[in-house]
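**Q** whatever this is, show me its structure:
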Amino acid sequence: MLNRTRRFATISAIGLTAALALSACTAPADDPGTDSPDELTPIKLQLQWLPQGQFAGYFAAQEQGFFEEAGLEVEIIPSGGDIVPQDALANGDVDYAIAWVPKVLGSIEVGANVTNIAQIFQRSGTLQVAWADSGIDSVADFEGKKIGSWGFGNEWEIFAAMAAEGLDSTTVEIITQDFNMNAFLSGDIDAAQAMTYNEYAQVLESVNPDTGELYTADDLNVISYEETVGAMLQDAIWADTDRLESDTEYQETTVAFLKAVIKGWVFAAENPEEAAQITIDAGSGWGPSHELWMVNETNKLIWPAPNGIGYIDETAFADTVAAALSAVNETGASLITAEPPATAFTNEYIERALAELEAEGFDITGDSFSPIDVELLEGGN
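**A** So this is what the prediction gives:
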């Protein structure tokens, strides 16, 4: 597990930190300290999907009181695919949004003025899952196969990886799959898209009708896009570019928000069982073993974070842009056609948050992080 250099400071120190964050976020510049110490700055955070372990750190920050300590009252807004996070942010409906980088790059190209302020996931969690006897051992084997994808911007790693292999996307049959593994389990898809923290587990918690036992990793060939040129950065926190440039209160709120979020993810790394229960209580519909698997696998995508959790590695960002530029789908459409503007990301606010947390004794890199072993039960129960 991830061990903090020094756990939370005394209650009085936390109160002082919260008071400072509150005064920075809410007090008028010409009359500091006039706000009540109990007044909280309201914040709306848009998730990319429904409550689940993928977002455990945000729910933990809320449940453990880290947002409140930072002087913030955060409303976490889920999406079931009916809300595009970056659009909600660009339209001014929310203050911050969680979304994959390639999806937002596409939105930025058509006018969304948003900025990546924290790259929470350091690694891609996307897989393509095939049966062990399928003959599909790598992306190069996709030609002539039925390749599953959810669409909605989740497919671009597939096409970028194919482009790197010199495969024309028209040589595969792209099958739109639901956000589950039913089509794969029934044999309608040769290789299904899956996340390490979700759909992959759905297979492993299903019963093999030939044996009466749960499927195992030996039954599958798993292709990780993290190991391909198609790997792209995923869950990041996005902010409103114009507000970052002109609104000093929003700038200070952003630092306070990021500090609280990081505390939430540190908590999830140190307490995966409790973090899983928090997300269940927040409305996740998954069973306890599946939810614990999800939190544990999500932690693996975050920790260790050599430059500090949330820091945006310029090389990784550039590689994501290059992959996005190379990707062409089966209809001949491209995700983006030009480099994004310099405002597409900034480390200014995450660096401030990390420096302050490090000074408070938090382990911001997670060098000592060790995942736990999770036993999946049938149906994720």
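**Q** how about the helices in the protein?
**A** Taking DSSP state H, the helices of the chain run over residues 11-26, 56-63, 66-69, 85-90, 101-109, 156-164, 182-185, 199-204, 241-246, 248-270, 272-281, 288-302, 314-326, 348-359.
**Q** let's have the ones you listed in a markdown table, adding mean neighbour count and mean pLDDT.
**A** (Glycine included, C-beta is placed from N, CA and C.) Putting those into a markdown table (neighbours: other CB atoms under 10 Å; pLDDT from 0 to 100) gives the following:
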| stretch | mean neighbour count | mean pLDDT |
| --- | --- | --- |
| helix 11-26 | 17 | 34 |
| helix 56-63 | 26 | 98 |
| helix 66-69 | 23 | 98 |
| helix 85-90 | 22 | 98 |
| helix 101-109 | 23 | 98 |
| helix 156-164 | 25 | 97 |
| helix 182-185 | 18 | 98 |
| helix 199-204 | 22 | 98 |
| helix 241-246 | 16 | 98 |
| helix 248-270 | 24 | 98 |
| helix 272-281 | 21 | 98 |
| helix 288-302 | 24 | 98 |
| helix 314-326 | 18 | 98 |
| helix 348-359 | 19 | 98 |
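**Q** nearest to Glu378, of those?
**A** Distance to Glu378, taken as CB to CB, is lowest for helix 288-302 among those, at 9.0 Å.
**Q** does anything pack onto that closest one? Which helices or strands?
**A** Helices and strands touching helix 288-302, by 3 or more CB pairs under 8 Å, 6 or more residues apart in numbering; DSSP states H and E, are helix 56-63, helix 199-204, helix 248-270, helix 272-281.
**Q** what about dumping the CA coordinates of it to PDB?
**A** Extracted C-alpha coordinates of helix 288-302, given in PDB (Å, rounded to 0.1, in the frame of the first residue of the first chain):
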ATOM      1  CA  PRO A 288     -18.500  -5.600  -3.700                       C
ATOM      2  CA  SER A 289     -15.900  -7.900  -5.200                       C
ATOM      3  CA  HIS A 290     -16.200  -6.100  -8.600                       C
ATOM      4  CA  GLU A 291     -16.100  -2.700  -7.000                       C
ATOM      5  CA  LEU A 292     -13.000  -3.600  -5.000                       C
ATOM      6  CA  TRP A 293     -11.400  -4.900  -8.100                       C
ATOM      7  CA  MET A 294     -12.300  -1.600  -9.800                       C
ATOM      8  CA  VAL A 295     -10.700   0.500  -7.100                       C
ATOM      9  CA  ASN A 296      -7.600  -1.600  -7.000                       C
ATOM     10  CA  GLU A 297      -7.100  -1.600 -10.800                       C
ATOM     11  CA  THR A 298      -7.800   2.200 -11.000                       C
ATOM     12  CA  ASN A 299      -5.100   2.700  -8.300                       C
ATOM     13  CA  LYS A 300      -2.600   0.900 -10.600                       C
ATOM     14  CA  LEU A 301      -3.300   3.400 -13.400                       C
ATOM     15  CA  ILE A 302      -2.500   6.300 -11.000                       C
END
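**Q** okay if I get the helices of the chain as TSV plus distance to Thr171?
**A** What follows is the helices of the chain, written out as TSV (distance: least, CB to CB, whole Å):
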stretch	distance to Thr171
helix 11-26	53
helix 56-63	39
helix 66-69	49
helix 85-90	31
helix 101-109	22
helix 156-164	9
helix 182-185	21
helix 199-204	24
helix 241-246	39
helix 248-270	41
helix 272-281	40
helix 288-302	31
helix 314-326	16
helix 348-359	41
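**Q** go through these and name the closest to Ala217.
**A** Counting by CB to CB, Ala217 lies closest to helix 199-204 out of the helices of the chain; the figure is 7.2 Å.
**Q** what residues does the closest one touch?
**A** 127, 129, 179-181, 184-185, 192-194, 214-217, 220, 222, 290, 293-294, 297, 376, 380 (CB atoms under 8 Å, 6 or more residues apart in numbering).
**Q** give me that answer again for 6 Å
**A** Around helix 199-204, the neighbours that count as contacts under CB atoms under 6 Å, 6 or more residues apart in numbering are Leu127, Met181, Ala194, Tyr215, His290, Trp293, Leu376.
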